[in-house]
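Asker: Fold the following for me, if possible:
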Amino acid sequence: MKRKTVYSVLIICCIVGFWVFNNFYTPATYSDAKIMGLQTDISNDFMPSSTTGAIVEHGHYILSYNEPFEQAEWVAYTLKREHLTNDQRKRPYFIEDPLVKTKSADWRNYRGSGYDRGHLCPAGDRRFSEQAYNETFYTSNISPQDRAFNSGIWNRLEIKVRDWARQYGEIFIVTGGVLEEGLKEIGEEEVDVPNYYYKIIARNDSDGPKAMAFLMLGKESNKPLKEFTVTIDEIEKQTRIDFFKNLSDDLENTLEASNGESDWSF
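Answerer: Numbering: from 1, shown residues only. The predicted structure follows:
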């Protein structure tokens, strides 16, 4: 009888331990706070608001996590000409973000879903250091994307953004999925699959800030990138995020009301 009781207690302890491990354990971090001089400064001028207050600052990008949707509502970073290296990096595992207090979604939610683990801050923009590259593999920096979209039109936009960084020297990028009610969900943690993705780019120029925004249905398309430009006002309407909250009202209103195509080289 005592032996059965011991076995029962051990089984219960194992079940509880597994549940705690599965729900609260966060793997080793890719970010090393002891490494000095390897942080990327991100201009506060173009930083967006957070609808959740769950701001996470990594060494080379910042994000606002939206727990009900199990992903970031936006990821913001600076891309400089000198960041664009061809350094070969070993692709690490996706791991949970140790700085997300509510625990970012496990990568296993994506397994067998048919969706890619789509980077928001692309790994290709962070090859200049091992830490910067590895940080892009936190699950807080990914969102479910259709495979053809991820490797197609979305990839072409990311490549074009790198071209602009080379041309203009330094640009600011904020990107994410449009998170709204009624989206399809995948995995045990019910990670939402955005129907639309946006990307806003900005830069400081000699005659003032320039900005442009893209909004794309998460499906592959052969259309020119120009056909996906929209006003920042339109993205704010769909996301309820204030993107240039730190600029003066007059400047913010001017930038957000125009699609800004003429200020960027296609």
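Asker: Enumerate every residue touching the residue lying closest to Asp146 once chain neighbours are set aside.
Answerer: Closest residue to Asp146 in three dimensions, ignoring its sequence neighbours and counting by C-beta to C-beta, 6 or more residues apart in numbering: Gly218, at 5.3 Å. Every C-beta, even on glycine, is put in place using the N, C-alpha and C of the backbone. Contacts for Gly218 were tallied using C-beta atoms under 8 Å, 6 or more residues apart in numbering; they are 145-146, 149, 177, 193-197.
Asker: and Gly218, what are its phi and psi?
Answerer: phi -70, psi 50 (degrees, to the nearest 10).
Asker: roughly how far apart are it and Tyr196?
Answerer: Using C-beta to C-beta, to the nearest Å, one gets 6 Å for the distance from Gly218 to Tyr196.
Asker: same check, this time on Ile159
Answerer: With distances defined as C-beta to C-beta, the gap from Ile159 to Tyr196 amounts to 20 Å.
Asker: for Leu255, same thing?
Answerer: Distance from Leu255 to Tyr196, counting by C-beta to C-beta: 21 Å.
Asker: Neighbour count for those two, which is higher?
Answerer: Legend: neighbour count by other C-beta atoms under 10 Å for Leu255 and Tyr196, higher for Leu255 (25 against 16).
Asker: quick one: what helix or strand has Ile235 in it?
Answerer: Secondary-structure assignment from DSSP states H and E places Ile235 in helix 232-239.
Asker: The helix or strand that that helix is followed by versus helix 232-239: what angle between them?
Answerer: The element immediately downstream of helix 232-239 (helix or strand, assigned by DSSP H and E) is helix 249-257. With axes from the mean of the first three to the mean of the last three C-alpha atoms, to 10 degrees defining the directions, helix 249-257 sits at 80 degrees from helix 232-239.
Asker: ok, residues contacting helix 249-257?
Answerer: Helix 249-257 is touched from outside by 202, 208-211, 231-233, 236, 243-245, 247, with contacts defined as C-beta under 8 Å, 6+ apart.
Asker: okay, those in CSV with distance to Ser50, neighbour count and pLDDT next?
Answerer: Putting these into CSV (distance: C-beta to C-beta, whole Å; neighbours: other C-beta atoms under 10 Å; pLDDT from 0 to 100) gives the following:
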residue, distance to Ser50, neighbour count, pLDDT
Ala202, 18, 23, 97
Gly208, 26, 10, 92
Pro209, 21, 20, 95
Lys210, 24, 18, 96
Ala211, 19, 25, 96
Thr231, 21, 18, 97
Ile232, 17, 27, 97
Asp233, 19, 15, 97
Glu236, 13, 19, 97
Phe243, 11, 26, 95
Phe244, 14, 24, 94
Lys245, 10, 14, 93
Leu247, 17, 19, 94
